[in-house]
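**Student:** give me a model of this one.
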Amino acid sequence: MNKPTLQVCLTNSLMHLHQQNLNEKLVVFIDILRNTSTITAALFFGIEKVKPVSTVNEAKAFLGKPNHIVAGERQGIKIDAFDAGNSPLFFKDEDNSNKTLVITSTNGTQSVKHAKAAKVLCCGGFVNQTALVAFIKQQQLPTLILASGWQGDVNIEDTLFAGALVSNLRSYFDVLGDPAIISEQLYQQNKNNIVNLVANASHYNRIAATEQKKDITYCLSVDVANVVPVYDGEFLKL
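**Tutor:** Okay, here's the model as predicted:
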């Protein structure tokens, strides 16, 4: 029996190369620092559903709406007047029951716009690695791992996690393309040194400069939020 294909797109600005038959594929979008880590954590900590939006103005429309938390950042900085920034730890000790998170970010929520035509669209990171691998295997669909990157360019942390997924899924898929090889090699060469490698990343340093290093530690922790957010056309839910 033929195995389904597995490919990697190293930044969402290259998604125009992957639109063919997108409606037949599973797309996994990742933004390790921090959007998909935050979405996953929010649902793990009890948020009912997450509405990703591309623009600040779209998110602003939900300010003050009952049972809604409006969160967002640009360039790693919390947007003024929003309830939260893009921190996965914001939800940890809160009562999140029956609440909807509306979130916009520099990179991660832009990936939803590029990939919303997928048959199945989900997200995650190191925080839900094992659950995400199990979910991808279960779907048995041609799969695209979409690294959000940074403002249209490739970044270290998303490429690294894309490689972790390729490494864990290789036996079950027909791995295609140089981006998959590149990401897997980066992961294999650094899997015992992830924190030190990511410390060289430009976005790591942007976040660290705003005194949010606890977020980084959480986002690089494996299996601390073992749930899989899946997009239904409007919301990401469990």
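
**Student:** same for the helix or strand of the chain with the lowest mean pLDDT, what does it pack against?
**Tutor:** Using mean pLDDT, DSSP states H and E, the weakest-scoring helix or strand in the chain turns out to be helix 202-209, at a mean of 76. For helix 202-209, the contact count by 3 or more Cβ pairs under 8 Å, 6 or more residues apart in numbering; DSSP states H and E identifies helix 213-219 as packing neighbours. Where you see a C-beta, it was placed from the backbone N, CA and C, and this is true even at glycine.

**Student:** coming back round to it: what comes up buried for the least confident helix or strand of the chain?
**Tutor:** Taking 16 or more other Cβ atoms under 10 Å as the neighbour-count basis, helix 202-209 is seen to contain the buried residues 203, 204, 206, 207.

**Student:** swap in stretch 171-187?
**Tutor:** Applying 16+ other Cβ under 10 Å to stretch 171-187 flags 173, 175, 177, 179, 180, 182, 183, 184, 186, 187 as buried.

**Student:** in those, find the pair that's most separated.
**Tutor:** For the buried residues of stretch 171-187, the maximum inter-member distance is 18.4 Å, found between 173 and 186 (Cβ to Cβ).

**Student:** how about the contacts made by residue 194?
**Tutor:** The neighbourhood of residue 194, defined by Cβ atoms under 8 Å, 6 or more residues apart in numbering, consists of 126, 160, 220.

**Student:** could you do residue 116 as well?
**Tutor:** When the contact criterion is Cβ under 8 Å, 6+ apart, the partners of residue 116 are 231, 233.

**Student:** and the pLDDT at it?
**Tutor:** Note on residue 116: pLDDT of 95.

**Student:** and which of the contacts of residue 194 is nearest residue 51?
**Tutor:** Nearest to residue 51 among those, with distances taken as Cβ to Cβ, is residue 126, at 23.8 Å.

**Student:** can you list the weak-confidence ranges in the chain?
**Tutor:** Low-confidence segments of the chain (pLDDT under 70): 209-211.

**Student:** how about a cut-off of 50?
**Tutor:** Across the chain, not a single residue meets the criterion (pLDDT under 50).

**Student:** next, the contact list for residue 144, please.
**Tutor:** Here residue 144 is in contact with 7, 8, 9, 18, 22, 25, 26, 27, 28, 115, 118 (Cβ under 8 Å, 6+ apart).

**Student:** now it: which helix or strand?
**Tutor:** Taking DSSP states H and E as the criterion, residue 144 maps to strand 143-147.

**Student:** going along the chain from that strand, find the next helix or strand for me.
**Tutor:** Beyond strand 143-147 on the C-terminal side, the first helix or strand identified by DSSP H and E is helix 156-169.

**Student:** please name every helix or strand in contact with that following helix.
**Tutor:** Under the contact criterion of 3+ Cβ pairs under 8 Å, 6+ apart, the helices and strands touching helix 156-169 comprise strand 5-9, strand 26-30, helix 129-139, strand 143-147, helix 178-190, helix 194-198.

**Student:** can you add distance to residue 80 and give those back as a markdown table?
**Tutor:** Converted to a markdown table, the helices and strands packed on helix 156-169 look like this (distance: least, Cβ to Cβ, whole Å):
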| stretch | distance to residue 80 |
| --- | --- |
| strand 5-9 | 33 |
| strand 26-30 | 27 |
| helix 129-139 | 33 |
| strand 143-147 | 29 |
| helix 178-190 | 36 |
| helix 194-198 | 28 |
